[in-house]
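Student: no sequence on this one, just coordinates:
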């Protein structure tokens, strides 16, 4: 509806557009007047002539759009013109389509004539910079694309959720099982479109897949048993052999099966870890933590595959429910919220459990609960979580849904606005009460890891990273990024952090930022280290491997070599895109009208994008639409009718496939793709930005769709901007608001966070940019796209002209002078709107305003208001071109031109005429599979790279003060590990390789392999892991703990310890050494022997004396033990290690 109300700022804008003295009216026609006055000719040359560039001090930031990451770069664009130029037209030369393969629907091989285009000023600055691409992204380290970003639609039911890595394999848990890659095959080509793999894995490196099972939620590597353990949504834990006998990498008909499985929990298995003592810990919903003992696991793995049911029963019966152990009189010491993560502290032999807003620390040896504390580090002695949650919910309701104070009505428009917003609020409150949904605490922990120095690091939804000591004391916090921390990974002395924004950061052990880059265009949900890589998994399922030396000199060598091979992996295709816009005025169209508008133009196009305005209007509809938007519901019956009608017009059943749509009140956008190119198009995202009534109501605004076409991002935005002749400033502001604030998200029916296996914050916080984020991190979703097309009822009018003058020029089809009076063209020329974007030369009559059902140009509004005809309905776009006629390549991957721009004047169902525009786009993209193969060739052939990788195998030289230890009951021995390097840190980890138990019947001793590398329960090693500075040493305590007199000997923990403590035992401790950035490990071996003293059956007090044993080693013994030692004789046996004989003779000589 038009209105005579003109605000002050709009008056000023209108005054600048309307001439102070309009030309005098003469008796002859207005066309003759126009021919007598000077006017500007259409430019037929490039804007490079006489144009001035926009320069800034900052350097351009380049991005490879293969994963959609984009940062705009400085530099000139076609829109940067001199102030003296009133128009910016270019006429591209006629040229054939790209030389790429001819695929039906793409227009390959056909000649086309490009139309002259007008380029708006103001491009190249702020968010209107054209994104700069590159064959190899110089803005981040080069990477191994093990699994290139698959189209989301191909991943339904098989999204990757997590990854885990060994030195030779990468395992991934997915919604339908597990898969793994052998890293020696990582650089090989994929199977391609015609291969035997399913869609989405055509370019993936060769992999092996399991049988179809329940969704995999977590993975754990068991090096000792050479198994990979997985936890699943159905509550089962499964074991998979690392050494799978699979030879055909592309054959899915022979999937591998699990080695062992059992029902571990009633709910999903959220996380599993292996403690320092070889027990498996798992967690689930409701605060449940269970332990599966090492003994039962080893026995079950010995059984034959045909005895898997017996093995499962054996493990299930051994389960220990820790929650029941710490529940007294119905009160539990830990909360009932879900346990999301578990962490093994190998330094101190502890296990951390992470819940919603609290932690608990457990002793890995005796399973005691040591401490419960909250995220602020405050100790919690008793938790009654259900009552707390209920109280918190009530407080949140009272605070969030408090009744606002009544305001005095201020006119009809204000009352209407309050009524609409009130309806929206009512629906929102009702929906919130029914779902119980409340905003999550931003301090919620989303990730936890242990660093090489033994410190614990946690990451929260608000981006805060906290450091803790081993006792749960909060030491410090850092905040280098304002988005949610979703995952950690440690390698050497580095801490890798994955964020919801797609960033990866590297921190040192003090929390200082070392490096940062955009790794994916979606949240990074998992990181894993192995094989010289840090692998990252994004929510879309893409997996990339980053070299552990990055960023560093290796990166520039790889980048240079790979860029020189661009021609081997660069590909080019073309596609024609039909864009249609129509303000339907709350009406419906006949099939004939739709065929005239769309159906007659789709024969040679691959993509059809249609935008409608005023599909449904009225105060009641707007109120309900706004209310539904607040709870994530959109669409209407009328909108669905239009979708079906358009689908029939473009032959949706046989030729095209509907990709998706988005409706905001009366705005509706939809997209169709020709079935022949459907395999190359996907990742549909939607967006909506209201601009009416305080930027809250959708009577004005924009709706958008974003898709990936040949691995390039295209955005289509349907707009309805502010009405009325004088509202130029408001229209400009509407566009600016839409362009800057449009954030795309996944359609609920196509993709949800749960389907991707991402945490809630991965989707919730990615689009919610914190106001404190640095300017360089801010970017618009539209600015990041390779091509953006705006279309709709922009409502820009003709100014400085009367109704009769406009009708006269239209009747003579003299549009040149009318174009000079076009508000939109004038604003674009000043760089105030659609900055740097292009529109084909308008050669059709104004499309507004007509009387409905009145054909011909005589149908213009002739009523009382006599609205001046105007080109309200437009199509404007931009691509990757920074200057006209740029060549299509990997640096400028999308080069488009207009081949059709016309209005359908024969359609009379609305007061607007429908407009259609056909674009021809050449698209350069990368064959990821071939590029990965070329990367492998570079790694193998480049001598400089081979030398750098060889340096990574360097391990600092270390020494151990002893290789043999003899313990007796409650005995303690201390040995020293020395780092002999004066420049590199040494990182050590102590595991138990095996145990030998002597038998009383004189038979050969029983050899237990200790496959899980877990320590025997009678042995304490502290610290079990750590870091040694250059030219320094660390002391490690080895202590025997006597359990057979413990009160716990009958509770299921130590049932077999009594008999074991009466036998002689021997274990082999392996001290594994790595450098701070080393891909190789060296080891030291220590034999630890326990000689049972049957006459000693008491638990001794703390040691009071000590004797020197070897250089750097110290032995502690209790006084009572020294007194009783004389009554015992140790006889050497054949099985005794030769190096221990001297020590045994020493004992005998003192008896």
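Tutor: Good, I have the coordinates. Keep in mind that what you see is a predicted model, and the values were worked out from it rather than measured. Residues are numbered from 1 along each chain as shown.

Student: any low-confidence regions in the stretch 301-450 of the chain?
Tutor: Counting by pLDDT under 70, the stretch 301-450 of the chain has low-confidence residues at 381-439.

Student: what segments of it are helices?
Tutor: In chain order, the stretch 301-450 of the chain shows helices spanning 308-317, 322-325, 385-400, 412-435, with DSSP state H, counting those that start in this stretch as the criterion.

Student: now residue 287. Nearest residue, chain neighbours left out?
Tutor: residue 336 (4.5 Å; C-beta to C-beta, 6 or more residues apart in numbering). Using the backbone N, CA and C atoms, a C-beta is placed for each residue, glycine as well.

Student: residues near the one you found, how many?
Tutor: Counted by other C-beta atoms under 10 Å, the residues lying close to residue 336 total 19.

Student: before we move on, what about residue 203?
Tutor: With neighbours defined by other C-beta under 10 Å, the count for residue 203 comes to 25.

Student: kindly report the same for residue 473.
Tutor: The burial count for residue 473: 12, using other C-beta under 10 Å.

Student: for it, give its distance to residue 361.
Tutor: Counting by C-beta to C-beta, to the nearest Å, the gap between residue 473 and residue 361 amounts to 11 Å.

Student: cool, residue 903 as well?
Tutor: With the distance defined as C-beta to C-beta, residue 903 ends up 71 Å from residue 361.

Student: go on, residue 148?
Tutor: Distance, residue 148 to residue 361, by C-beta to C-beta: 41 Å.

Student: and if you look at residue 569?
Tutor: Taken as C-beta to C-beta, the span from residue 569 to residue 361 is 51 Å.

Student: do the same with residue 996
Tutor: To residue 361, residue 996 is 33 Å away according to C-beta to C-beta.

Student: so which of those two has more stuff around it?
Tutor: Counted by other C-beta under 10 Å, residue 996 and residue 361 do not tie: residue 361 has more neighbours, with 22 against 18.

Student: just checking, that one touches residue 348?
Tutor: No: taking contacts as C-beta atoms under 8 Å, residue 361 lies outside contact range of residue 348: 9.2 Å.

Student: what pLDDT does the residue nearest to residue 1033 when sequence neighbours are not counted get?
Tutor: When the adjacent residues along the chain are set aside, residue 1033 lies closest to residue 978, with 4.1 Å between them (C-beta to C-beta, 6+ apart). Among the per-residue scores, residue 978 shows a pLDDT of 96.

Student: is residue 225 in a helix, a strand, or coil?
Tutor: When classified by DSSP: H, G, I helix; E, B strand; the rest coil, residue 225 comes out as coil.

Student: you'd agree it is up against residue 302?
Tutor: No: distance between residue 225 and residue 302: 11.0 Å, which falls outside the contact criterion (C-beta under 8 Å).

Student: look at these two and report which has more neighbours.
Tutor: Ranked by neighbour count (other C-beta under 10 Å), residue 225 and residue 302 place residue 225 first, with 21 against 10.

Student: now that one: phi and psi?
Tutor: Dihedral angles of residue 225 (phi, psi; degrees, to the nearest 10) stand at phi -90, psi 0.

Student: now the terminal residues of stretch 543-552, how far apart.
Tutor: When the termini of stretch 543-552 are compared using C-alpha to C-alpha, to the nearest Å, they are 21 Å apart.

Student: contacts for that stretch, please.
Tutor: Identification of contacts with stretch 543-552 by C-beta atoms under 8 Å, 6 or more residues apart in numbering yields 141-147, 160, 163, 170, 172, 186, 491-492, 504, 515, 517, 519-520, 529, 531-537, 554-555, 948, 952, 1077, 1079.

Student: same question for stretch 856-866.
Tutor: Contacting residues not belonging to stretch 856-866 are listed as 2, 803, 807, 810-811, 845, 849-851, 867, 869, 905, 908, 911 [C-beta under 8 Å, 6+ apart].

Student: returning to that earlier point: among the contacts of stretch 543-552, name the buried ones.
Tutor: Judged by neighbour count, with 16 or more other C-beta atoms under 10 Å as the criterion, the buried members of the contacts of stretch 543-552 are 141-147, 160, 163, 170, 172, 186, 491-492, 504, 517, 519-520, 529, 531-537, 554-555, 948, 952, 1077, 1079.

Student: now go through these and say which are in helices.
Tutor: Counting by DSSP state H, the part of the buried ones among the contacts of stretch 543-552 found in helices is 554-555, 948.

Student: pLDDT for those - can I get that in TSV?
Tutor: Shown next, in TSV, are those (pLDDT from 0 to 100):
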residue	pLDDT
554	91
555	93
948	88
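
Student: is it possible to get CSV of those that adds distance to residue 893?
Tutor: Conversion of those to CSV gives the following (distance: C-beta to C-beta, whole Å):
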residue, distance to residue 893
554, 27
555, 23
948, 31
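
Student: got the phi/psi numbers for residue 936?
Tutor: Backbone phi and psi, for residue 936 under degrees, to the nearest 10, turn out to be phi -60, psi -40.

Student: quick one: it and residue 187 touch, right?
Tutor: Yes: contact status for residue 936 versus residue 187: in contact at 2.5 Å, counting by C-beta under 8 Å.

Student: who's in contact with the nearest residue to residue 358 once chain neighbours are set aside?
Tutor: In space, not counting the residues next to it along the chain, residue 358 is nearest to residue 374; the distance is 5.0 Å by C-beta to C-beta, 6+ apart. When contacts are counted by C-beta under 8 Å, 6+ apart, residue 374 is found next to 357-359, 380.
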